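# Sequence and computational prediction follow.
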2 protein chains.
Amino acid sequence: MPSDTPQPAFVLVRPQMGENVGAAARAMWNFGLDRMRIVAPRDGWPNPKAVAMASGAGRLLDEARLAEDLAGAIEDCDFVFATTARPRELTKPVYSPEAAMKLAAEKMAAGEKVAVMFGPERAGLENEDIARANAIISVPVNPEFASLNLGQCVLLTAYEWRRQVTDVAPVVTDLGKSDWASHADVDTLVNHYEDRLDDAGFFFPPDKAPSMKTVFRNMFSRMPLTRADVQMLHGIMRQMVRWKEKRD
Amino acid sequence: MPSDTPQPAFVLVRPQMGENVGAAARAMWNFGLDRMRIVAPRDGWPNPKAVAMASGAGRLLDEARLAEDLAGAIEDCDFVFATTARPRELTKPVYSPEAAMKLAAEKMAAGEKVAVMFGPERAGLENEDIARANAIISVPVNPEFASLNLGQCVLLTAYEWRRQVTDVAPVVTDLGKSDWASHADVDTLVNHYEDRLDDAGFFFPPDKAPSMKTVFRNMFSRMPLTRADVQMLHGIMRQMVRWKEKRD
């Protein structure tokens, strides 16, 4: 059973090698998509090579909807994107993958059915296929080297879908497992170091001591220290003192 | 010679199969990146399988900087990201690929050297490797199926780099080649149709005619028509009239 998350269908149009269909299934499922449609696969269907390659995402192949032609594959869709490397002479709006998946999410939220078409490996979608699309998706590749394969194109589009519909935190510094040192912990640590470094004659000459201490405190305040880090730093200083005392 | 675009170095740490190094080179160059560094490749270097797979991006392999260990590979870098599927117990900020490449672009604009490390295919980076990084990049994959391979991880990171540093238009509807119909063109077209459809008795009953005409005009105004489309639509109507007259 496909998952019940609303999502666009990914339509592989006349794919050639089974391996690539399997790789596309994996790429989709990596980003939580599991509605695949397949139009007239060159080597027939089911395809054992696709199954071998899809390992872990084989369910998508079992559940894939097979169609004889593109019209049949998208007949229930309200809005269809065509992916193509070079938007050709056909007059269609051209979306970045990001903008396209944003639009797809908006349309689906409004109850529309959305699909994305991917062309055969060798030559991509024909103009005749693209003429059936409402809009084009073009990945912003290096114009000197635009050689995305089918699986890569599916991967990037699926990635952008996931970015649009899940809350991807840009930065997580507050890892669940970590136990950050409080300001008080850091203050105690800095005081400990200052005292011992005073004993050791580190803050020299005396007129420079206040600014040296400020720099020192600032350094520790800037560091994202855990409690464990602070304990270790206390231990290091204690050990240095012990070592020194042993020598005395 | 590598391109002179400022860019992060991508560091492949102990890669196993040459094919995957080649695929990583292609993925980088697809998005305009060409500074590869390679740490202790399992099968030695140079690697003919890497060269075969890299076709079109082989220059990156020729120019790749080889290092015996990770420390040597990143010694000149000011800020290093580690890519990992599951951020582990190490306390490090974790960035989405997007946020990471944005930060990388900012740091490089400020003159810092940035690198991104990718682990070996089988198990990814070791904790010992990650301990050398300033921050972690984690791709927001489907938690039920997180199976990105080396080439895919390089591809997504390179894609996000390109998104951050090139002006990717979210939507292009104003294609260079297309010659959009002006409002006047559309007005002339609608008038042409209205006149002929009046002759044909389409707007019936008479009291509904004004609202039917409004709906009709609105439909054409909503469509993104080129001049060529408008000419074709004029031609269709003219031909229908000719056809009808022939029959008379």
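Structure's in. What do you need?

# lowest-confidence helix or strand of chain A?
Using mean pLDDT, DSSP states H and E, strand A:171-172 stands out as the lowest-scoring helix or strand of chain A, at a mean of 77.

# For that strand, give me every contacting residue.
For strand A:171-172, contacts defined as C-beta atoms under 8 Å, 6 or more residues apart in numbering or on different chains pick out B:P87, B:P93, B:V94, B:Y95, B:S96, B:A99. Using the backbone N, CA and C atoms, a C-beta is placed for each residue, glycine as well.

# how many neighbours does A:V241 have?
Around A:V241 sit 13 other residues, with neighbours defined as other C-beta atoms under 10 Å in any protein chain shown.

# At the geometric centre of chain A, which residue sits there?
Central residue of chain A (C-alpha atoms, centre = their mean): A:Y159, 5.9 Å from the mean position.

# In space, what's closest to it - neighbours in sequence excluded?
Distances taken as C-beta to C-beta, 6 or more residues apart in numbering or on different chains put A:F31 closest to A:Y159, at 5.4 Å, once the chain neighbours are dropped.

# Let me know how buried the one you found is, in neighbour terms.
So A:F31, with other C-beta under 10 Å, has 26 neighbours.

# That one against A:R162, yeah?
Yes: contact criterion C-beta atoms under 8 Å: A:F31 and A:R162 qualify, at 4.0 Å.

# ok, A:A54 - contacts?
A:V21, A:G22, A:A23, A:A25, A:R26, A:L60, A:L61.

# pLDDT on the lengthiest helix in chain A, on average?
Secondary structure of chain A per DSSP state H: the longest helix is helix A:227-247. Mean pLDDT, computed over helix A:227-247, is 85.

# next one: stretch A:204-222
Rounded mean pLDDT across stretch A:204-222 is 86.

# domains for chain A, by residue range?
Domain assignment for chain A by automatic domain parsing gives A:9-165, A:183-247.

# hey, which of the ones you listed is tucked in deepest?
domain A:9-165 (a mean of 20; mean count of other C-beta atoms under 10 Å in any protein chain shown).

# end to end, how far does it reach?
In domain A:9-165, first residue to last residue: 15 Å (C-alpha to C-alpha, to the nearest Å).

# same check, this time on stretch A:60-75
20 Å.

# So what's the gap between that stretch and the chain middle?
Using C-alpha atoms, centre = their mean, to the nearest Å, the mean C-alpha position of stretch A:60-75 is found 27 Å from that of the whole chain.

# May I have the secondary structure class of the residue nearest to the centre of chain A?
Recorded secondary structure, A:Y159: helix (DSSP: H, G, I helix; E, B strand; the rest coil).

# you'd agree it is up against A:L33?
No: taking contacts as C-beta under 8 Å, A:Y159 lies outside contact range of A:L33: 10.0 Å.

# Can you tell me the closest non-neighbouring residue to A:A146?
In this structure, A:A146 finds its nearest non-sequential neighbour in A:A85, 5.3 Å apart by C-beta to C-beta, 6+ apart.

# gap between that neighbour and A:L148?
Computed as C-beta to C-beta, to the nearest Å, the A:A85 to A:L148 distance reads 7 Å.

# then the strand or helix carrying A:F216 to CSV, C-alphas only?
Per DSSP states H and E, A:F216 falls inside helix A:209-222. Output in CSV follows, covering the C-alpha atoms of helix A:209-222 (Å, rounded to 0.1, in the frame of the first residue of the first chain):
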residue,chain,number,x,y,z
ALA,A,209,46.6,41.3,33.2
PRO,A,210,43.0,42.8,33.0
SER,A,211,42.9,42.8,29.2
MET,A,212,44.5,39.3,29.0
LYS,A,213,41.8,38.1,31.4
THR,A,214,39.1,39.6,29.3
VAL,A,215,40.4,37.9,26.2
PHE,A,216,40.7,34.7,28.1
ARG,A,217,37.1,34.9,29.4
ASN,A,218,35.8,35.9,26.0
MET,A,219,37.4,32.8,24.4
PHE,A,220,35.6,30.4,26.7
SER,A,221,32.3,32.3,26.4
ARG,A,222,32.4,32.0,22.7
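
# what about the helices in chain A?
Going by DSSP H, chain A shows helices at A:18-30, A:48-53, A:58-63, A:70-73, A:97-109, A:127-130, A:150-165, A:183-199, A:209-222, A:227-247.

# send the alpha carbons of the second one over as CSV?
Output in CSV follows, covering the C-alpha atoms of helix A:48-53 (Å, rounded to 0.1, in the frame of the first residue of the first chain):
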residue,chain,number,x,y,z
PRO,A,48,14.0,-8.3,-12.6
LYS,A,49,16.9,-5.8,-13.0
ALA,A,50,14.7,-3.1,-11.7
VAL,A,51,13.8,-5.2,-8.7
ALA,A,52,17.4,-6.0,-8.0
MET,A,53,18.4,-2.4,-8.1
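
# excluding its backbone neighbours, what's nearest A:L150?
Spatial nearest neighbour of A:L150, chain neighbours left out: A:N20 (4.8 Å); criterion: C-beta to C-beta, 6+ apart.

# likewise A:E194?
Nearest to A:E194 is A:K213, by C-beta to C-beta, 6+ apart, at 6.0 Å.

# Give me the distance between the one you found and A:N191.
10 Å.

# Kindly reformat the helices of chain A as TSV containing distance to B:T5.
Below are the helices of chain A laid out as TSV (distance: least, C-beta to C-beta, whole Å):
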stretch	distance to B:T5
helix A:18-30	28
helix A:48-53	35
helix A:58-63	38
helix A:70-73	39
helix A:97-109	22
helix A:127-130	32
helix A:150-165	21
helix A:183-199	41
helix A:209-222	32
helix A:227-247	38
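
# Which among these is found nearest to B:I38?
Closest to B:I38 of the helices of chain A, according to C-beta to C-beta: helix A:150-165, at 21.5 Å.

# what's the angle from that closest one to helix B:150-165?
Between helix A:150-165 and helix B:150-165, the angle comes out at 60 degrees (axes from the mean of the first three to the mean of the last three C-alpha atoms, to 10 degrees).

# so what secondary structure elements neighbour helix A:150-165?
With contacts defined as 3 or more C-beta pairs under 8 Å, 6 or more residues apart in numbering or on different chains; DSSP states H and E, the packing partners of helix A:150-165 are strand A:9-13, helix A:18-30, helix A:97-109, strand A:114-118, helix B:150-165.

# Dump these into CSV; add distance to B:E245 and mean pLDDT as well.
Output for these, formatted as CSV (distance: least, C-beta to C-beta, whole Å; pLDDT from 0 to 100):
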stretch, distance to B:E245, mean pLDDT
strand A:9-13, 43, 98
helix A:18-30, 54, 97
helix A:97-109, 44, 95
strand A:114-118, 42, 97
helix B:150-165, 58, 96
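
# could the ones you listed be laid out in CSV, adding distance to A:G201?
Converted to CSV, these look like this (distance: least, C-beta to C-beta, whole Å):
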stretch, distance to A:G201
strand A:9-13, 70
helix A:18-30, 59
helix A:97-109, 59
strand A:114-118, 70
helix B:150-165, 49
